[in-house]
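J.: my questions concern the predicted model and sequence given below.
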Amino acid sequence: MITSTFGGAVYGVSASLISIEVNIVQGTHLYMVGLPDNAIKESQHRIESVLKHIGCEMPRQRVIVNLAPADIRKEGAAYDLPIALCILQASKQYALRQLGEYVIMGELALDGTLRSIKGALPIAIEARAKKFKGFVLPQENAHEAAIVNNLDIIPVKNIQETLAFFSGSQHIEPLTIDTREIFAEKVQSYALDFADVQGQENIKRALEIAAAGGHNVIMVGPPGAGKTMLAKRIPSILPSFNLHEALETTKVYSVVGKLGKQGTLMTSRPFRSPHHTISDVALVGGGTIPQPGEISLAHNGVLFLDELPEFKRSVLEVMRQPLEERKVTVARAKISVDFPANFMLIASMNPCPCGYYNHPSKECVCPPSAVQRYLNKVSGPLLDRIDLHIEVTPVPFDEMTAKRKVEDSAAIQARVIEARNIQQERFKKHSGIYTNAMMPSAMVKDICCISKLGQNLLKTAMERLGLSARAYDRILKVSRTIADLANSETIGENHLAEAIHYRSLDRQTWGS
């Protein structure tokens, strides 16, 4: 008797449905075909233990399990549950109805309880698109999948509950959640606030510009100047997630299994801060079947690289393409997947090996050549892709202990949102462009028009600083954002001068 049901396989941040077919014929042994990995092949032993535990038995005939389409590799233990159900149905130990109308996923423990799976959200989205009645999955993943409406989400704790549901002896109420209500309740809740930061007004101004235009930032300063503290507060001034952004980011976290037991829609922008020992594959994504890396986990949020020169050169260089294209393409022999990577890069570094170059009170003991060598650990092409270079100096004691009121994140965020609204109106006819930082070069010339005086100012800066063509575009984009914050339709010389000021790390002017 041939029995079939459906599961799902995740590739990139999207899912494909997998048909799971079981046939029992004369012979012995269990055979799995359809490019299963070792975890799926080992499911035979888990399933046999589970069937014995619930009072059933593994058929003593030839059991053929086919995972179709057969030319796509499948991985993971999440196929345990649908395979076990098909074996019980094919061997006539249970009469299970509507197996073909549901997508079923779940990893089995030896006693029949279900463990959580990865990628429940993209599988649920694909199940709805293919008009399935519902999705049966472990209880831990139910809230995650219930983000998708118009699909019955059936949470189960163990195989016994699943058998009771499909045999009709137990009704399980589909889980439903009000996604918009959850989103409205929890959106933009951050424990950190710029109100905690005394002084550093010029740095806050630069970070406000970065947040308003979606620009990349590098902060250079001595140890203890507050670089990390400032970086951690950047998500609190970014505009709140909209529902589309929240769903995009939640899909990435679902694929890597980082939503937690009560995982549901993400409502706060992610802040990722990988250690400097990270590999290039862990940063951009990869593997035999590619998985998202840190830059995709920072999608629609912030990627913070602390002590930038301590990262391996190869790790930093792989970010050059994602910073331009805002996506990562990982190619393998038989598969190529795209991961989203629309993030703000915030980097920090000491100015020299000892950390005190340009310090107002402590003397640097590094020779000029050592300062230059330290900066050379970060390549020129990568620095070109960072829009704002900020020098951070320590806060004086008197300013640190002052009792004056400090502007909080909400006030800064209000100005950022106002500038973003101007950009949204500007780019409403251009698909996939939402901020000034996302403008392609051809669009920069049309939108970032400057006066003759501004052209002369920029020409002088280009010649004296030795700026590249990419840096030229970055300056224009930043000046456009500064003008938006000032609610100015035109880019003035003062806006341009401030944008040029944020190119302090260009090599001809630093460490010499």
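T.: Done, it's in. The structure displayed is predicted, hence computed values, not measured ones.

J.: counting contacts, what elements does the strand ranked longest in the chain pack onto?
T.: Using DSSP state E, we find that the single longest strand of the chain is strand 14-25. If contacts are counted by 3 or more C-beta pairs under 8 Å, 6 or more residues apart in numbering; DSSP states H and E, strand 14-25 sits against strand 2-11, strand 62-68, helix 80-90, helix 120-129. In short, each C-beta sits where N, CA and C put it, glycine included.

J.: next, the buried residues of the next helix or strand after that strand.
T.: Past strand 14-25, heading to the C-terminal end, the next element that is a helix or strand (DSSP states H and E) is strand 30-33. Neighbour-count burial for strand 30-33 flags 30, 32 (criterion: 16 or more other C-beta atoms under 10 Å).

J.: now do stretch 204-224
T.: Within stretch 204-224, the residues that count as buried by 16+ other C-beta under 10 Å are 204, 206-222.

J.: swap in stretch 13-25?
T.: Buried residues in stretch 13-25, counting neighbours by 16+ other C-beta under 10 Å, are found at 13, 15-24.

J.: of all these, which two lie farthest apart?
T.: Greatest spatial distance among the buried residues of stretch 13-25 (C-beta to C-beta): V13 and I24, at 36.8 Å.

J.: which ones are touching Q200?
T.: Residues in contact with Q200 (C-beta atoms under 8 Å, 6 or more residues apart in numbering) are 226, 230, 392, 395.

J.: show me where the stretch 201-350 of the chain has strands.
T.: For the stretch 201-350 of the chain, applying DSSP state E, counting those that start in this stretch gives strands covering 217-220, 271-272, 285-286, 291-292, 302-305, 327-331, 336-340, 344-349.

J.: minimum distance to M105: which of these has it?
T.: Judging the strands of the stretch 201-350 of the chain by C-beta to C-beta, what sits closest to M105 is strand 291-292, at 17.4 Å.

J.: quickly run through the sheet partners of the closest one, with directions.
T.: If you go by DSSP bridges, strand 291-292 pairs up with strand 285-286 (antiparallel).

J.: so what touches the strand it pairs with?
T.: Strand 285-286 is contacted by residues 291-293, 295-296, 328, 330, 339 when judged by C-beta under 8 Å, 6+ apart.

J.: now, among those residues, which is nearest to D446?
T.: For the contacts of strand 285-286, the nearest to D446 is V328 (28.7 Å; C-beta to C-beta).

J.: what residues are bridge-paired with that closest one?
T.: Beta bridges link V328 to F339, judged by DSSP bridges.

J.: that one: neighbouring residues, count only.
T.: V328: 25 surrounding residues under other C-beta atoms under 10 Å.

J.: for the one 3 residues further on, same thing?
T.: A331 has 10 neighbouring residues, counting by other C-beta under 10 Å.

J.: and what of the one 4 residues further on?
T.: I335 has 14 neighbours, counted by other C-beta under 10 Å.

J.: for M439, same thing?
T.: M439 has 23 neighbouring residues, counting by other C-beta under 10 Å.

J.: does it touch K445 like I think?
T.: No. Taking contacts as C-beta atoms under 8 Å, M439 lies outside contact range of K445: 9.8 Å.

J.: out of the helices and strands packed on strand 14-25, which one sits most buried?
T.: Among these, helix 80-90 has the highest mean neighbour count (mean count of other C-beta atoms under 10 Å), at a mean of 26.

J.: compute the inter-axis angle for it and strand 14-25.
T.: Between helix 80-90 and strand 14-25, the angle formed by their directions is 30 degrees, by axes from the mean of the first three to the mean of the last three C-alpha atoms, to 10 degrees.

J.: pLDDT of helix 80-90, averaged?
T.: In this model, helix 80-90 carries a mean pLDDT of 95.

J.: give me the contact list for it.
T.: With contact meaning C-beta under 8 Å, 6+ apart, helix 80-90 is reached by 1-7, 20-24, 43, 46-47, 50-51, 56, 58-59, 63, 65, 94-96, 99, 104-108, 114, 136, 159, 162-163, 166.

J.: apply 7 Å and report the result again.
T.: With contacts defined as C-beta atoms under 7 Å, 6 or more residues apart in numbering, helix 80-90 is touched by 1-5, 7, 20, 22-24, 43, 46-47, 50-51, 56, 59, 63, 65, 94, 96, 99, 104-108, 114, 159, 162, 166.

J.: same question for stretch 244-262.
T.: If you take C-beta under 7 Å, 6+ apart as the criterion, stretch 244-262 is touched by 10, 13, 118-122, 140, 143-144, 147, 183, 265-267, 270, 291-292, 296-297, 299-300, 340.

J.: can you pull out the helices in the stretch 401-512 of the chain?
T.: 409-426, 441-447, 452-465, 469-485, 493-501 (DSSP state H, counting those that start in this stretch).

J.: would you mind giving those as JSON lines with mean pLDDT added?
T.: As requested, the helices of the stretch 401-512 of the chain are exported to JSON lines (pLDDT from 0 to 100):
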{"stretch": "helix 409-426", "mean pLDDT": "93"}
{"stretch": "helix 441-447", "mean pLDDT": "85"}
{"stretch": "helix 452-465", "mean pLDDT": "84"}
{"stretch": "helix 469-485", "mean pLDDT": "88"}
{"stretch": "helix 493-501", "mean pLDDT": "90"}
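
J.: would you tell me which one of the ones you listed is buried the most?
T.: Ranked by mean neighbour count, the helices of the stretch 401-512 of the chain are led by helix 469-485 with a mean of 23 (mean count of other C-beta under 10 Å).

J.: other SSEs contacting that one?
T.: Here helix 469-485 is seen to pack against helix 201-213, helix 409-426, helix 441-447, helix 493-501 when contacts are counted using 3 or more C-beta pairs under 7 Å, 6 or more residues apart in numbering; DSSP states H and E.

J.: which of the contacts of stretch 244-262 count as buried?
T.: For these, a neighbour count by 16+ other C-beta under 10 Å gives the buried set as 10, 13, 118-122, 140, 143-144, 147, 183, 265-267, 270, 291-292, 296-297, 299-300, 340.

J.: buried ones in stretch 427-434, by neighbour count?
T.: Neighbour-count burial for stretch 427-434 flags 427, 433-434 (criterion: 16+ other C-beta under 10 Å).

J.: alpha carbons only: can I get that stretch in PDB?
T.: What follows is the C-alpha trace of stretch 427-434 in PDB, where atoms were taken according to Å, rounded to 0.1, in the frame of the first residue of the first chain:
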ATOM      1  CA  PHE A 427      11.800  57.000  -3.800                       C
ATOM      2  CA  LYS A 428       8.100  55.900  -4.000                       C
ATOM      3  CA  LYS A 429       8.400  55.300  -7.800                       C
ATOM      4  CA  HIS A 430      11.700  53.300  -7.400                       C
ATOM      5  CA  SER A 431      11.200  49.700  -6.300                       C
ATOM      6  CA  GLY A 432      13.600  48.400  -3.600                       C
ATOM      7  CA  ILE A 433      15.000  51.800  -2.700                       C
ATOM      8  CA  TYR A 434      13.900  53.300   0.600                       C
END
